[in-house]
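> Here is a sequence together with a model predicted from it:
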Amino acid sequence: MSNNTYTHEAVETHTLANGMTVCMEALPYLHSASAGVWIRTGSGNERVEECGVAHFLEHLFFKGTKTRNVHQIMEAIESRGGQLNAFTSREYTCLYVKVLDKYTDTGIEILADLIKNSLFCDLEKERNVILEEITAVEDTPDDLVHDLMATHHWPEHALGRSIAGTTESVSALDYDRVVDFYQRWYTPENMVFSIAGNIDTEAVLKQVREEFEGMPKASTPTQFSAPAFKAGAKAVTRDIAQSHITLAFPGLSLRDDMKYAYDMTGNVLGGGSTSRLFMRIRENEGLAYSIYAYNAFYLSTGMLGVYAGVAPEQLGKTLDLTFEELRKLRDDGVPEDELELNREQIKGGMLMALESTSTRMARMAKSVLYHGEIIPIATIIERVDAVTRADVQACAQEIFVPEKCALLVLGPASQKMPEQIAL
């Protein structure tokens, strides 16, 4: 059942003359504001020869602008008690700031300076920083295994490549490639300015127009087509203590309304401490410290995944029990009380997260990037409430089959891979 107390959203959206979208949510009971410039591009839009450029570009924004050096950029925010940062994903990039409400105008001006006036300097210095970042992932198997799985089940596609790139690809990037990527993708129609907090929406919109409306209109390249999903098992050997298990199954586009059923399916399997895999693998058998399931939704595709880290000698048993739980959900479905528990868990997690201005800012931006509009919280709640036992079982029956399962295990040479995927 939907609860109409979730409908109170003071959200405004505007479109600037150059096509840039502006989202604002006034929260007058707070003392801060979070603002971000979101660009509809990431590693999933990179050509083979420019792998890692979106992430490289994100770093270079902070190295200096026409009016500020790297120290002055950070000092302008940190001297006012704020935070300035950025991140790159497979389908979007975000530069963001969180400041006290009285410094909102400074935060907006800094973001505009970075987007419009960056010099993309200190390439060699920042290249070394990124190469160290790549090395750090290589030394962190529970992170690395997810990159390896993406490459395994989405081969020959940008979504299957590491967001940071490889040592070889990042070493080959130069200034011209960085600027070319910026000019192709950082266009007003491909960008969203989002802000949530204690703000004067009229003043914010006026400043955003002044800062960003001068950016010229430009066409945006076409997004890549959906990747083909590759099933099958693969072992990757490293001299490490644990076996890191990943399973992947084909998922849905973020725009598909059935994604709520997939979300519920993933949550039932491994969304929390009462989930089936957590209870079976960790609590009952004591085989793993970390085990979970998750969904990754993209514009054209998606993935439902499972991860566990176990002792190599427990690899076979862990996989047997995991496949058994997948079969149970597929063949027997989920009882109503368990479905209701997971429904409330999903809603609770979402609503409690919305007590953060950063989360509210991000929610608006991602909704516009993916849907072209802000989906009301009440609508999301209604769609979560509408998921039925039949929906969850239909999802499990659709994807939990051997021909749709990708298995990758990262671990020592002593680990013994299963002879078949037992679904």
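Now that the structure is in, tell me what you want to look at. In this text, all values refer to a predicted model and were calculated from it rather than measured experimentally.
> CA atoms for contacts and neighbours, from now on please.
OK.
> gap between Ala390 and Gly333?
Note on Ala390: its distance to Gly333, by Cα to Cα, to the nearest Å, is 8 Å.
> who's more crowded, the two?
Between Ala390 and Gly333, Gly333 has the larger neighbour count (other Cα atoms under 10 Å), namely 21 against 12.
> my guess is that one meets Arg389, correct?
Yes - at 6.8 Å, Gly333 and Arg389 qualify as touching, with contact defined as Cα atoms under 8 Å.
> Distance of Asp105 relative to Phe87?
From Asp105 across to Phe87, the span is 22 Å (Cα to Cα).
> Tell me how far Ala296 lies from Glu336.
For Ala296, the distance to Glu336 equals 25 Å [Cα to Cα].
> more crowded one of these two?
Neighbours per residue, other Cα under 10 Å: of Ala296 and Glu336, the larger number sits with Ala296, 15 against 11.
> How is Arg255 assigned, secondary-structure-wise?
Following DSSP: H, G, I helix; E, B strand; the rest coil, we place Arg255 in the coil state.
> Could you tell me which residues make contact with it?
Each residue near Arg255 by Cα atoms under 8 Å, 6 or more residues apart in numbering is listed here: Leu299, Tyr370, His371.
> For those, pick the one with the most neighbours.
Leu299 (18 neighbours).
> and that residue, what does it touch?
Applying Cα under 8 Å, 6+ apart, we find Leu299 in contact with Glu91, Ser253, Leu254, Arg255, Tyr370.
> Could you do Val37 as well?
Cys94, Leu95, Tyr96, Leu111, Met191, Val192, Phe193, Ser194.
> element containing the nearest residue to the third one once chain neighbours are set aside, please.
Translated: Tyr96. Counting by Cα to Cα, 6 or more residues apart in numbering, the nearest residue to Tyr96 once its immediate chain neighbours are dropped is Gly36, at 4.0 Å. Element membership for Gly36 (DSSP states H and E) is strand 32-39.
> Which strands or helices does whichever helix or strand comes after that strand pack on?
Using DSSP H and E, the helix or strand that follows strand 32-39 in sequence is helix 53-60. In terms of contact count using 3 or more Cα pairs under 8 Å, 6 or more residues apart in numbering; DSSP states H and E, helix 53-60 is assigned the packing partners strand 83-88, strand 93-100, helix 123-138, helix 175-185.
> Return the most buried member of those.
strand 93-100 (a mean of 24; mean count of other Cα atoms under 10 Å).
> Off-centre distance for that one?
In terms of Cα atoms, centre = their mean, to the nearest Å, the centre of strand 93-100 is set 16 Å apart from its chain centre.
> Could you do stretch 193-203 as well?
24 Å.
> what do you get for stretch 63-81?
Here the centre of stretch 63-81 is set off from its chain's centre by 27 Å, with Cα atoms, centre = their mean.
> Name the residues that touch that stretch?
Contact with stretch 63-81 is made by 62, 83-84, 99-100, 103, 106-107, 110, 113-114, 117-122, as judged by Cα under 8 Å, 6+ apart.
> tell me which element the closest residue to Glu138 other than its chain neighbours is part of?
Spatial nearest neighbour of Glu138, excluding adjacent residues (Cα to Cα, 6+ apart): Leu144 at 5.8 Å. Using DSSP H and E, Leu144 maps to helix 141-153.
> can you check Ala378 too?
Here Ala378, judged by DSSP H and E, is contained in helix 377-385.
> tell me which residues of that helix are tucked away?
Using 16 or more other Cα atoms under 10 Å as the test for burial, helix 377-385 gives Ile377, Ala378, Ile380, Ile381, Arg383, Val384, Asp385.
> As CSV, the residues you listed with pLDDT and distance to Ile134 would be great.
What follows is the buried residues of helix 377-385, written out as CSV (pLDDT from 0 to 100; distance: Cα to Cα, whole Å):
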residue, pLDDT, distance to Ile134
Ile377, 95, 37
Ala378, 94, 40
Ile380, 96, 36
Ile381, 96, 38
Arg383, 97, 39
Val384, 98, 37
Asp385, 98, 41
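> Any stretches of the stretch 301-423 of the chain with poor pLDDT?
Nowhere does the stretch 301-423 of the chain drop to pLDDT under 70.
> can you pull out the helices in it?
Here the stretch 301-423 of the chain has its helices, by DSSP state H, counting those that start in this stretch, at 315-332, 336-353, 357-371, 377-385, 389-399.
> Equivalent analysis for the stretch 151-300 of the chain, please.
167-172, 175-185, 201-212, 259-270, 276-277.
> quick one, which of those is packed in tightest?
The most buried stretch of those, if neighbours are counted by mean count of other Cα under 10 Å, is helix 276-277, with a mean of 26.
> so which of the helices of the stretch 301-423 of the chain gets nearest Thr201?
helix 357-371 (13.8 Å; Cα to Cα).
> What residues sit buried inside that closest one?
357-370.
> ok and it relative to helix 377-385, angle-wise?
Computed by axes from the mean of the first three to the mean of the last three Cα atoms, to 10 degrees, the angle separating helix 357-371 from helix 377-385 equals 70 degrees.
> I'd like to check what contacts helix 357-371. Which residues are they?
Residues outside helix 357-371 that contact it (Cα under 8 Å, 6+ apart) are 23-25, 32-36, 38, 40, 98, 192-197, 254-255, 299, 353-354, 373-375.
> Now the buried members of these.
The neighbour count (16+ other Cα under 10 Å) marks 23-25, 32-36, 38, 40, 98, 192-197, 254, 299, 354, 374 as buried among the contacts of helix 357-371.
> Excluding chain neighbours, give the residue nearest to Ala112 in space.
Glu211 (6.1 Å).
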